[in-house]
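> Have a look at this fold, sequence not included:
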């Protein structure tokens, strides 16, 4: 359970956002399979742990317990509950009705020494293991704490011994410090559990992708703005979620952020909300880095509907060959001159403004811009997840067959009047190529989510609502305990 909160994630950033661009919510119910993994780990760990000798002295007698071994431990997930405590910022593992048995050598002095062996079975046990959570300098942290010995007072005890005197006085339960023995053993083990888990947890959290370079040019900041127990049913994480230029981390994105984060749209166990700001800083970063520029060399335009020469383009630009001569190569240089903008409602609609310059190779050393087309593109964006050995990645995808064009214009023409209708029909290919290029970044350069080693997301569903895309998923913790153990 020590890991339940690790699930989530990041932000205080180099380009700090006023409101989180990414929000995370983890419901108590989503941690149930982690509870099962944790209980299995506890039982397995207990079987290999050495319990130190115990020396208990009272007013009249002394009890020395040596060679203590755990011979039985029964913990049931049905009797184990996860409790969120917002006021204390703790997640607690409450265990009830558990059974454990100890075998040991005993020396009893009252006033003479009596020695023998003893098997003690404790039933009706209960304890609470607290785990504190929080964030510091934008990174999440939590610590497995210690149990309170006083909570073990309700234990019921039965003993078996090879010593006649011990058998004679075993019925005088108050005569034996069994609860102190149990408290010492369990508390020592809980302390050992923390010592075993905390270093691995700390190392795993330190390896989270608090910043992730999507390309050599653009990086996303996943530092936490806040990480806390929101209420008795949810953990919350507010993440910066801002993209910036890798080479210029102090340059703030030219993107407006909403005053308030959007409302949650679902009741999934794990929810990760990506706002318009998250998407718009991504598009700002790749556009500012020049990644959305596109240059089509005329001689390589094999799939273009017209031959890219001054003669081949005469059907749509009649005066091109008259102005520059026949059979001259024509290249197209396209540029999205403003960052694409995402607007999220029932769908994720992306709009981009671009221009394309048509460049004629007048001779081997001279080129000339014949004219410029300018248009607005819009398309719908969808998303999907991939679980890999390297982590969980978020990908986007445009529908390349559903591109819409508007506001088409001919500008800076050096070849007289041109029919915008004919050019728009012929040169939608160049805009299509731009969309394909954006898709290559979205589909090939996935954005890694800041999850710890050993955690995957399954049964994912994407829900769009005004202002955000919400990812709902089921966390898979089956490899988390192993990852923590391997990262000590």
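Sure, I can see it. Since we're looking at a predicted model, the values are computed, not measured.

> for the strand or helix carrying residue 186, which positions count as buried?
Element membership for residue 186, per DSSP states H and E: helix 178-206. Neighbour-count burial for helix 178-206 flags 178-179, 181-190, 192-194, 196-198, 200-205 (criterion: 16 or more other C-beta atoms under 10 Å). Quick note: C-beta positions are derived from backbone N, CA and C, even for glycine.

> so what secondary structure elements neighbour the lengthiest strand in the chain?
Within the chain, and with DSSP state E defining each element, the longest strand by residue count is strand 113-136. On a contact count with 3 or more C-beta pairs under 8 Å, 6 or more residues apart in numbering; DSSP states H and E, strand 113-136 meets strand 90-109, strand 139-144, strand 156-161, helix 164-169, helix 178-206, strand 224-231.

> Redo those as JSON lines? Include distance to residue 48 and mean pLDDT.
Formatted as JSON lines, the helices and strands packed on strand 113-136 follow (distance: least, C-beta to C-beta, whole Å; pLDDT from 0 to 100):
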{"stretch": "strand 90-109", "distance to residue 48": "15", "mean pLDDT": "88"}
{"stretch": "strand 139-144", "distance to residue 48": "18", "mean pLDDT": "89"}
{"stretch": "strand 156-161", "distance to residue 48": "24", "mean pLDDT": "83"}
{"stretch": "helix 164-169", "distance to residue 48": "29", "mean pLDDT": "74"}
{"stretch": "helix 178-206", "distance to residue 48": "10", "mean pLDDT": "79"}
{"stretch": "strand 224-231", "distance to residue 48": "33", "mean pLDDT": "94"}
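
> Just want the angle from the longest strand of the chain to strand 90-109.
Put simply, strand 113-136 runs at 160 degrees to strand 90-109, going by axes from the mean of the first three to the mean of the last three C-alpha atoms, to 10 degrees.

> strand partners of strand 113-136, parallel vs antiparallel please.
strand 90-109 (antiparallel), strand 139-144 (antiparallel), strand 156-161 (antiparallel) (DSSP bridges).

> Tell me which residues of that strand come out buried.
Of the residues in strand 113-136, 116, 118-122, 125-135 count as buried by neighbour count, 16+ other C-beta under 10 Å.

> Start from the N-terminal end of the stretch 251-400 of the chain and give the strands.
270-275, 294-296, 330-336, 341-344, 348-361, 367-388, 391-398 (DSSP state E, counting those that start in this stretch).

> So which of the strands paired with strand 113-136 has the densest surroundings on average?
Among the strands paired with strand 113-136, strand 139-144 has the highest mean neighbour count (mean count of other C-beta atoms under 10 Å), at a mean of 20.

> And that strand, how far out from the chain middle?
Remark: strand 139-144 is offset 15 Å from the chain centroid, using C-alpha atoms, centre = their mean, to the nearest Å.

> residue ranges with poor pLDDT in the stretch 251-400 of the chain?
303 (pLDDT under 70).

> again, 80 this time
Within the stretch 251-400 of the chain, the ranges that satisfy pLDDT under 80 run 301-305, 400.

> now do the stretch 1-150 of the chain
For the stretch 1-150 of the chain, applying pLDDT under 80 flags the ranges 1-18, 45-50, 58-60, 110-112, 147-150.

> and the nearest residue to residue 322 once chain neighbours are set aside, how many neighbours?
Distances taken as C-beta to C-beta, 6 or more residues apart in numbering place residue 415 nearest to residue 322, at 7.7 Å, with adjacent residues excluded. Here the count is done by other C-beta atoms under 10 Å, and residue 415 has 21 residues near it.

> now do residue 442
If you count neighbours by other C-beta under 10 Å, residue 442 ends up with 20.

> Could you number the chain from 495 rather than 1 from now on?
Yep, numbering from 495; the last one is residue 936 now.

> now it, what's its secondary structure?
helix (DSSP: H, G, I helix; E, B strand; the rest coil).

> give me the beta-bridge partners of the closest residue to it other than its chain neighbours?
Nearest residue to residue 936, sequence neighbours excluded (C-beta to C-beta, 6+ apart): residue 890, at 3.8 Å. With DSSP bridges applied, residue 890 shows beta-bridge pairing to residue 877.

> my read: residue 890 touches residue 875, true?
Yes: with contact defined as C-beta atoms under 8 Å, residue 890 reaches residue 875; the gap is 5.4 Å.

> any shared contact partners between the two?
By C-beta atoms under 8 Å, 6 or more residues apart in numbering, residue 890 and residue 875 have these common neighbours: residue 936.

> ok, back up a step: now the angle from the longest strand of the chain to strand 718-725?
When the same axes, to 10 degrees is applied, the directions of strand 607-630 and strand 718-725 differ by 120 degrees.

> by how many degrees do strand 607-630 and helix 672-700 diverge?
Using the same axes, to 10 degrees: strand 607-630 against helix 672-700 is 30 degrees.

> Give me the neighbour count for residue 958.
For residue 958, the neighbour count with other C-beta under 10 Å is 19.

> ignore the last one, residue 868
Residues lying near residue 868 (other C-beta under 10 Å) number 15.

> Touching, it and residue 848? I think so.
Yes: at 7.4 Å, residue 868 counts as touching residue 848 under the criterion of C-beta under 8 Å.
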